[in-house]
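Undergrad: The following block contains a protein sequence and its predicted model.
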Amino acid sequence: MTLTIALPSKGRMKDDASAIFERAGIRITAVGNDRSYRGRVEGWDDVEVAFLSASEISRELGNGTVDFGVTGEDLVREGLADADKRVEFCARLGFGHANVVVAVPEIWLDVDTMADLGDVASDFRARHGRRLAIATKYWRLTQQFFSSQHGIQLYRIVESLGATEGAPASGSADIIVDITSTGSTLRANNLKILSDGVILRSEACFVRARKENHVNDPTVQRLVDAVRSAL
Ligand SMILES: Nc1ncnc2c1ncn2[C@@H]1O[C@H](COP(=O)(O)OP(=O)(O)OP(=O)(O)O)[C@@H](O)[C@H]1O
Ligand SMILES: O=P(O)(O)OC[C@H]1O[C@H](OP(=O)(O)OP(=O)(O)O)[C@H](O)[C@@H]1O
């Protein structure tokens, strides 16, 4: 059986992902020319490589079109319901670190925790005639964190496809849930992270789609061992 590994074809994870595979002794060669989106692995005839974007990789892991992938934990947990049932996080790769956080305007002086935010959300309709609006592209993680973990039900999600940090200033939302690494975009937009508002500490992971045909395939474990040996 041929196993497919999906690697980032572009973006911030591409180079670090290739470096790990090189250190693991897994040499990838493009099929066709350098711009090709398929690859082979030297000496591993039963493995092929698909080059996709980080978010495509999490989707393809979820539907089992690929066997392994390198992508951000945030994209997997946001993209897949019951992520741990559908995929296995085989290794954390030590790059692509970023936190998914809840951030509010710095001028909300009385709001430092999720409990404070819960109080704001309860009063919001009475005060402003509408629900608290949260700008995010992380719908699933936001709902899990607010509703299931913190029992906050009174809010509305405003889908953001970019420049999420600008939403409170532009008036399209009151607060945000977004990814941050250095924190400079939050600071530039006068937003602060709640003290217990880190939803997920994400990094690039080597992820396996849980598939029945992996159970007796020795190449599956060999690949996982090789990647782990490079860390
Ligand atoms: N400062 C950051 N901002 C956004 N994402 C970051 C940051 N630092 C690390 N990441 C991680 O990088 C991953 C996304 O990578 P990237 O933005 O390169 O993907 P992409 O190629 O743009 O994918 P797509 O186009 O499909 O969205 C996510 O898992 C995210 O957690
Ligand atoms: O904490 P910081 O280091 O300031 O990084 C956070 C910012 O980086 C990302 O955007 P990016 O400009 O990379 O574009 P993207 O949303 O397309 O990834 C992310 O969406 C934040 O806006």
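TA: Right, received. Where do you want to start? Numbering: from 1, shown residues only. Ligands and ions are numbered 1, 2, ... in the order given.
Undergrad: Buried residues, stretch 10-23. List them.
TA: Met13, Lys14, Ala17, Ile20, Phe21 (16 or more other C-beta atoms under 10 Å). (Each C-beta comes from the backbone N, C-alpha and C, glycine too.)
Undergrad: Go through those and name the one nearest ligand 1.
TA: Met13 (5.4 Å; C-beta to the nearest ligand atom).
Undergrad: Go ahead and confirm that closest one touches Asp74.
TA: No. Using C-beta atoms under 8 Å, Met13 makes no contact with Asp74, being 11.7 Å away.
Undergrad: ok, whichever residue of the chain sits closest to ligand 1 to ligand 2 distance?
TA: Closest to ligand 1 within the chain is Gly72: 1.8 Å, counting by C-beta to the nearest ligand atom. To ligand 2, Gly72 is 10 Å away according to C-beta to the nearest ligand atom, to the nearest Å.
Undergrad: Then Leu191?
TA: Distance from Leu191 to ligand 2, by C-beta to the nearest ligand atom: 11 Å.
Undergrad: beta partners for that residue?
TA: For Leu191, the beta-bridge partners under DSSP bridges are Pro105.
Undergrad: Return the helix or strand in the protein with minimum mean pLDDT.
TA: Least confident helix or strand of the chain, by mean pLDDT, DSSP states H and E, is strand 28-30 with a mean of 87.
Undergrad: Show me which parts of that one are buried, residue by residue.
TA: Quick answer for strand 28-30 (16+ other C-beta under 10 Å): Ile28.
Undergrad: Show residues contacting the helix or strand following it.
TA: Downstream of strand 28-30, the first helix or strand assigned by DSSP states H and E is strand 38-41. By C-beta atoms under 8 Å, 6 or more residues apart in numbering, the list of residues contacting strand 38-41 from outside reads 5, 7, 26-32, 47-51.
Undergrad: Also stretch 131-144?
TA: Residues from elsewhere that reach stretch 131-144 (C-beta under 8 Å, 6+ apart): 74, 77-79, 81, 100, 117, 120-121, 124-125, 146, 154-161, 164, 167-168, 172-179, 199-200.
Undergrad: cool, stretch 176-186 as well?
TA: For stretch 176-186, using C-beta under 8 Å, 6+ apart, the contacting residues are 74, 97-103, 134-138, 141-142, 145, 160, 164-165, 167-168, 191-193, 199, 202.
Undergrad: Just the buried residues from these, in PyMOL please.
TA: To isolate in PyMOL the members of those that are buried, counting by 16+ other C-beta under 10 Å, one can use:
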select buried, resi 74+98+99+100+101+102+103+134+135+136+137+138+141+142+145+160+164+165+167+168+191+192+193+199+202
